[in-house]
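Participant: Here is a sequence together with a model predicted from it:
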Amino acid sequence: MASNATDYIKHHLTFWNSSHQAGNFWSIHIDTFSISLLLGFIFLAVFAGVARCASLERPGRLQLFVELIIDMVNTQVKEVFHAKSKVVGPLALTIFCWVFLMNFMDLFPVDLFPMIAQWIGFTFFGMEPHHVYLRVVPSADVNATFAMSLSVMILIIAFSIKAKGAGGYAKELLTAPFHASNPIGAIILAPVNFVFQMVELVAKPISLSLRLFGNMYSGELIFILIALLPIGAQWALGAPWAIFHILIITLQAFVFMMLTIVYLSLAVEAH
Amino acid sequence: MEFNATLLGQAITFAILVWFTMKFVWPPLTNMMDERAKRIADGLAAAERGKQDLLAAEKRVADELTKARQQSTEIMLGAEKRANQIVEEARETARQEGARLVADAKAEIDQEVLRAKEALREQVAALAVTGAEKILRQEVDAAKHADLLASIKAEL
């Protein structure tokens, strides 16, 4: 493996950034963006393809598999989200599948795609192999996880306003969780309530995205560390960790989906 | 942890994915699955109905069979009775006919006997006359003894 372990780890944890200078906000992680886009299109291609030629009478294996996933998501949505909405089901399905696919990239050998990228960069673009960076697990990038969780937060606000009206939502922000019986008490409690509500609102996307990011980042890091072991010993740790990771990636995708449904149902229901 | 424009790009990708799923994936598939569930439920209900119908039909068939069996038994009993009656009637007729024939024969025989007696009487009388004639030809005159002859003839 790498002669210098620190260099190896650092190289694996560096994004393929469109800009070379660090801290440039308008730069973009090309690896995260393109891989997640590709995975999203794979998801859409499979599901839309099945939806297009779905057969009611004689479903094929792929169709049954897709139906299995949709049925699972639909059951969860129906159990938790009691209001009627056209968005929640598709949203939950997209989150589950997309997050699962992004997490799944963690199960490929850590050096496989970076080495291919280095070879392509060196052969076709004459790049120095050590300066070709590629991180293949989009969900180990905070940008990807926060993009989803902040979108969910916007949806929480939108659902709240739609269900209770702008005035009703504003009133809830100022009068819950502490209720006052007289007007003076209500005025005193309003800022306290507002702070509580804001913390609650902001805590949701942060916990959502950091949970997923933390799990995936640590999983990736452990795979990188395992890759530093002597080649004959790698499987002894790599195989159990990979098998355990199958559980983790599915569970994280499920948790992200489930919490999104729960948050949206909380937003719709009156406190 | 480094935030940059990737976040915006990811959010746009996410929005597109959700929109597309909402438009082309979720509604057709869930509709189809609901439809299938409904069809299965309908099929099961129809099967249940069919089973009930079959049971009812079987019951009706059994009833009809019982009724038909009863009817046939009745018909057989009636026919037997009628046959017995006919046989009885025939026997009676035959008996009467036989009696009549016997009576006729008896009457004819009686008549025949009478007729034979008459003929015999005639012949005996003639024989007696002939015998008497032969006897009397030698000793008696027929004219003289006519009264005697007539009385003998009457006694026969």
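Facilitator: Yep, it's here. Numbering: from 1, shown residues only, chains lettered A, B, ... in the order given.
Participant: quick one: low-confidence ranges for the chain?
Facilitator: Here I'm looking at chain A. Residues of chain A that meet the criterion pLDDT under 70 lie in A:1-3, A:21-23, A:270-271.
Participant: my bad, the chain I had in mind was chain B
Facilitator: Answering for chain B: the residues below the bar, that is pLDDT under 70, span B:1, B:139-142, B:144.
Participant: Show me what from it comes close to chain A.
Facilitator: B:1-11, B:13-18, B:20-22, B:24-30, B:32-33, B:35-36, B:39 (CB under 8 Å from any CB of the partner chain). To be clear about C-beta, it is placed using only N, CA and C from the backbone, and glycine gets the same treatment.
Participant: repeat that with 7 Å
Facilitator: In this structure, chain B approaches chain A at residues B:1, B:3-7, B:9-11, B:13-15, B:17-18, B:20-22, B:24-26, B:28-30, B:32-33, B:35-36, judged by CB under 7 Å from any CB of the partner chain.
Participant: Give me the residues contacting stretch A:19-33.
Facilitator: Contact partners of stretch A:19-33, identified using CB atoms under 7 Å, 6 or more residues apart in numbering or on different chains, comprise A:15-18, A:134-136, A:138, A:141, A:143-144, B:4-6, B:9-10.
Participant: tell me which of those residues is nearest to A:Cys53?
Facilitator: A:Pro138 (29.5 Å; CB to CB).
Participant: Leaving out the residues flanking it, which one is nearest to the closest one?
Facilitator: A:Ser36 (3.9 Å; CB to CB, 6 or more residues apart in numbering or on different chains).
Participant: Ok, A:Ile70 next?
Facilitator: Using CB to CB, 6+ apart, the nearest residue to A:Ile70 is B:Leu29, at 5.4 Å.
Participant: shouldn't that neighbour be in contact with A:Asp71?
Facilitator: No. Here B:Leu29 does not reach A:Asp71: they are 9.4 Å apart, not a contact under CB atoms under 7 Å.
Participant: So which of these two has more stuff around it?
Facilitator: A direct count of neighbours by other CB atoms under 10 Å in any protein chain shown for B:Leu29 and A:Asp71 places B:Leu29 higher, at 24 against 15.
Participant: returning to what we had before: can you name the residues that contact the residue nearest to A:Pro138?
Facilitator: Taking CB under 7 Å, 6+ apart, one finds A:102, A:138, A:144, B:10, B:13 in contact with A:Ser36.
Participant: Relative to A:Phe43, which of the residues you listed is nearest.
Facilitator: Nearest member of those to A:Phe43, counting by CB to CB, is A:Met102, at 10.0 Å.
Participant: Regarding the closest one, which helix or strand does it belong to?
Facilitator: Using DSSP states H and E, A:Met102 maps to helix A:88-104.
Participant: helices or strands up against that helix?
Facilitator: For helix A:88-104, the elements it packs on are helix A:30-52, helix A:61-80, helix A:234-268, helix B:6-20, helix B:26-139, judged by 3 or more CB pairs under 7 Å, 6 or more residues apart in numbering or on different chains; DSSP states H and E.
Participant: now those helices in JSON lines, with distance to A:Phe96?
Facilitator: As requested, the helices and strands packed on helix A:88-104 are exported to JSON lines (distance: least, CB to CB, whole Å):
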{"stretch": "helix A:30-52", "distance to A:Phe96": "10"}
{"stretch": "helix A:61-80", "distance to A:Phe96": "6"}
{"stretch": "helix A:234-268", "distance to A:Phe96": "4"}
{"stretch": "helix B:6-20", "distance to A:Phe96": "12"}
{"stretch": "helix B:26-139", "distance to A:Phe96": "12"}
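Participant: Ok, which of the ones you listed comes nearest A:His130?
Facilitator: Between A:His130 and the helices and strands packed on helix A:88-104, the shortest gap by CB to CB is with helix A:30-52, which sits at 16.1 Å.
Participant: which parts of that closest one are buried?
Facilitator: Burial within helix A:30-52, assessed by neighbour count using 16 or more other CB atoms under 10 Å in any protein chain shown, is assigned to A:30-33, A:35-37, A:39-40, A:43-44, A:47-48, A:50-51.
Participant: of all the helices and strands packed on helix A:88-104, which lies closest to A:Arg211?
Facilitator: Nearest of the helices and strands packed on helix A:88-104 (CB to CB): helix A:234-268, 6.9 Å.
Participant: how distant is that closest one from the center of its chain?
Facilitator: On the basis of CA atoms, centre = their mean, to the nearest Å, helix A:234-268 sits 10 Å off its chain's mean C-alpha point.
Participant: By neighbour count, which bits of it are buried? Give me those.
Facilitator: Going by 16+ other CB under 10 Å, helix A:234-268 has these buried residues: A:234, A:238, A:242, A:245, A:248-249, A:252-261, A:263-268.
Participant: OK, contacts around the closest residue to chain B within chain A?
Facilitator: Residue of chain A nearest chain B, by CB to the nearest CB: A:Ala147 (3.3 Å). By CB under 7 Å, 6+ apart, the residues touching A:Ala147 are B:7, B:10-11, B:14.
Participant: check contacts around whatever residue of chain B ends up closest to chain A.
Facilitator: Closest residue of chain B to chain A, CB to the nearest CB: B:Gln10 (3.3 Å). Contacts for B:Gln10 were tallied using CB under 7 Å, 6+ apart; they are A:33, A:36, A:143-144, A:147.
Participant: Give me the distance between stretch B:36-55 and the centre of its chain.
Facilitator: Using CA atoms, centre = their mean, the offset of stretch B:36-55 from its chain centre is 46 Å.
Participant: which residues touch it?
Facilitator: Residues contacting stretch B:36-55 (CB under 7 Å, 6+ apart): A:Leu56.
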